[in-house]
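Chemist: just to be clear, the model below is a prediction. Sequence and coordinates:
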Amino acid sequence: MSIQLGLRQNWGQFSLLVLITAFVGGMIGLERTILPRLAETVFGLEAHSAILTFIVVFGIAKALTNYYAGSLANRMGRKNLLVVGWLFGLPVPFMLMWADSWNWVIMANVLLGINQGLAWSSTVVMKIDLVGEKNRGLAMGLNESAGYLAVAFSAFATGWIASRYGLQPYPFYLGIAFSVIGLGASWLWVNDTRRHADLEGSSSKQHKRQHIFWETTWRDRNLGSITQAGLVNNLNDGMVWGLFPVLLATKGFTLEQIGTIVAVYPAFWGVGQLGTGKLADYVCPKTMLVWGMLLQGLALIAMLWVASYASFLGLSALLGIGTALVYPTFLTAIARFTHPAQRAETIGIFRLWRDLGYAIGALLTGFIADWLGLNASVLVIGLLTILSSAIIQYRMRCREKALPGIKKQAFPHLQ
């Protein structure tokens with residue numbers, strides 16, 4: 001069978017991978033609403049730094065897995081990596097529903113981090129392989145939208161279930177369905193996409209990099225700017241994941257209200273990417289990253305001065321919109337500035353640093369919250385997010401060649 005690049009030419013496999021990404025996102029949404037409450041009420045953890053240990057181990061496990069997933073994708077195949085990722089995810093809901101100590105939760109999050117690192121990385125790389133250069137942003141928008149809408153649905157559903165039937169075991173039944181269906185669909189129907197990447201690589205004008213790790217990490221102006229922003233984005237997401245439910249509980253909101261507020265953030269994040277992903281194909285990625293990080297930082301800081309349910313819903317939506325601006329743009333821009341043969345490895349390095357943001361954010365915010373209080377923690381993370389926006393504005397440049405359908409004058413930041 002001949003290999004063709006394009007969204008229309010590969011719509012069947014692409015749609016299947018979007019569905020699988022939704023199941024991957026659903027797995028992480030299991031914890032968004034109820035795990036911080038579980039730590040306090042069931043296991044008696046009081047220090048914020050102790051509560052956030054589950055995010056620390058998740059972030060480290062996912063980050064390291066992302067790094068090795070890049071090279072493993074080329075060695076063992078994208079599909080095989082996806083299937084292995086689901087095998088690591090299968091035990092997670094059972095460990096959470098039967099956990100009788102916090103150590104079980106920690107171990108479940110190690111496996112969840114590996115699951116997310118392998119499965120999400122695989123689906124990202126496979127979608128980019130399938131569509132080629134023309135619709136890369138749209139592909140990432142659809143991918144990330146599906147994943148984070150599933151996070152929102154899962155966060156809301158588990159909060160609703162927990163408010164009626166308790167924190168264990170019923171909310172985690174969803175995870176059993178996600179993992180079983182995700183594994184079955186990946187094993188039976190997904191096809192590997194390595195040959196699509198080889199086809200694109202044969203005509204790519206991007207040069208191959210000799211020091212790919214350091215260039216992606218910081219040395220290259222564009223890749224380094226994207227990488228630091230990815231780290232800071234997940235740093236603030238880690239704070240929202242771990243401390244936002246605790247902060248809302250101190251305001252007197254019910255578990256169902258907390259679940260709704262927490263779900264609004266990834267819902268706007270997910271829906272917004274349907275538009276911002278396509279937009280990333282046509283406009284300078286620097287512009288989207290600067291404004292997205294700035295909006296996130298301002299939304300976080302504004303949370304210090306509001307108290308009403310409606311206000312938190314609005315700020316959670318603004319936070320989601322800011323994240324929607326940057327999230328598909330990260331991966332689209334990384335792929336744009338990288339040779340197809342090095343794409344999986346470059347994405348793996350970016351996702352290593354991006355997901356280390358979870359661990360760094362959990363440690364930093366937990367320490368600040370225990371030392372100076374929750375409000376100080378939110379303020380510091382908001383200011384760091386604004387600083388990241390400034391770094392992008394100073395360092396990043398757009399490519400000189402205009403994208404299809406857009407005149408070169410549309411890029412105000414060319415070198």
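Modeler: It's in. Fair warning: this is a prediction, and the values are worked out from it, not measured in the lab. Residues are numbered from 1 along each chain as shown.
Chemist: looks to me like residue 277 is in a helix.
Modeler: Yes - assessed with DSSP: H, G, I helix; E, B strand; the rest coil, residue 277 lies in a helix.
Chemist: residue 120: what's it in contact with?
Modeler: 21, 24, 85, 147 (CB atoms under 8 Å, 6 or more residues apart in numbering). C-beta here means a position set from N, CA and C on the backbone, and glycine is covered the same way.
Chemist: tell me which element it is part of?
Modeler: Using DSSP states H and E, residue 120 maps to helix 102-131.
Chemist: mind listing what's buried along that helix?
Modeler: 102, 104-131 (16 or more other CB atoms under 10 Å).
Chemist: and stretch 306-326, by the same measure?
Modeler: For stretch 306-326, by 16+ other CB under 10 Å, it's 309, 312, 314-326.
Chemist: in PDB, list the C-alpha atoms belonging to it.
Modeler: Only the C-alpha atoms of stretch 306-326 are listed here, as PDB (Å, rounded to 0.1, in the frame of the first residue of the first chain):
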ATOM      1  CA  VAL A 306     -11.700  36.800  44.200                       C
ATOM      2  CA  ALA A 307     -14.000  34.700  46.400                       C
ATOM      3  CA  SER A 308     -17.200  34.000  44.600                       C
ATOM      4  CA  TYR A 309     -18.000  30.800  42.700                       C
ATOM      5  CA  ALA A 310     -18.700  32.700  39.500                       C
ATOM      6  CA  SER A 311     -15.400  34.500  39.700                       C
ATOM      7  CA  PHE A 312     -13.400  31.300  40.000                       C
ATOM      8  CA  LEU A 313     -15.300  29.700  37.100                       C
ATOM      9  CA  GLY A 314     -14.400  32.700  35.000                       C
ATOM     10  CA  LEU A 315     -10.700  32.700  36.000                       C
ATOM     11  CA  SER A 316     -10.500  28.900  35.500                       C
ATOM     12  CA  ALA A 317     -11.900  29.500  31.900                       C
ATOM     13  CA  LEU A 318      -9.300  32.300  31.300                       C
ATOM     14  CA  LEU A 319      -6.500  30.000  32.500                       C
ATOM     15  CA  GLY A 320      -7.800  27.300  30.100                       C
ATOM     16  CA  ILE A 321      -7.800  29.800  27.200                       C
ATOM     17  CA  GLY A 322      -4.200  30.800  27.900                       C
ATOM     18  CA  THR A 323      -3.200  27.200  28.000                       C
ATOM     19  CA  ALA A 324      -5.100  26.500  24.800                       C
ATOM     20  CA  LEU A 325      -3.000  29.200  23.000                       C
ATOM     21  CA  VAL A 326       0.300  27.600  23.900                       C
END
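Chemist: give the rounded mean pLDDT of it.
Modeler: On average, the pLDDT along stretch 306-326 is 96.
Chemist: same question, stretch 30-46
Modeler: pLDDT averaged over stretch 30-46 gives 85.
Chemist: gap between the two ends of it?
Modeler: End-to-end distance of stretch 30-46 (CA to CA, to the nearest Å): 22 Å.
Chemist: and if you look at stretch 214-224?
Modeler: Stretch 214-224 end-to-end distance (CA to CA) = 9 Å.
Chemist: chain center to that stretch, what's the gap?
Modeler: 20 Å (CA atoms, centre = their mean, to the nearest Å).
Chemist: could you list the low-confidence segments of the stretch 301-415 of the chain?
Modeler: Scanning the stretch 301-415 of the chain for pLDDT under 70 picks out the ranges 399-415.
Chemist: re the thing from before, what's the closest of the buried residues of stretch 306-326 to residue 359?
Modeler: Nearest to residue 359, judged by CB to CB, of the buried residues of stretch 306-326 is residue 323 at 18.7 Å.
Chemist: next one: residue 61 from residue 49, what distance?
Modeler: Residue 61 sits 18 Å away from residue 49, going by CB to CB, to the nearest Å.
Chemist: which of the two has more neighbours?
Modeler: residue 61 (23 against 19; other CB atoms under 10 Å).
Chemist: list the contacts of that one.
Modeler: Residue 61 makes contact with 109-114, 117, according to CB under 8 Å, 6+ apart.
Chemist: can you put those residues in JSON lines and add distance to residue 179?
Modeler: Output for the contacts of residue 61, formatted as JSON lines (distance: CB to CB, whole Å):
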{"residue": "109", "distance to residue 179": "15"}
{"residue": "110", "distance to residue 179": "16"}
{"residue": "111", "distance to residue 179": "11"}
{"residue": "112", "distance to residue 179": "10"}
{"residue": "113", "distance to residue 179": "15"}
{"residue": "114", "distance to residue 179": "13"}
{"residue": "117", "distance to residue 179": "15"}
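Chemist: wait, residue 48 touches residue 362, no?
Modeler: No - Residue 48 is not in contact with residue 362 according to CB atoms under 8 Å; the separation is 9.4 Å.
Chemist: who's more crowded, the two?
Modeler: Between residue 48 and residue 362, counted using other CB under 10 Å, residue 362 has the larger neighbour count: 28 against 24.
Chemist: need the contact list for that one.
Modeler: 52-53, 55-56, 59, 238-239, 242.
Chemist: residue 176 too?
Modeler: Residue 176 sits next to 93-94 when contact means CB under 8 Å, 6+ apart.
Chemist: how far away is it from residue 92?
Modeler: From residue 176 to residue 92 the distance is 9 Å (CB to CB).
Chemist: what of residue 317?
Modeler: Residue 317 sits 29 Å away from residue 92, taking CB to CB as the criterion.
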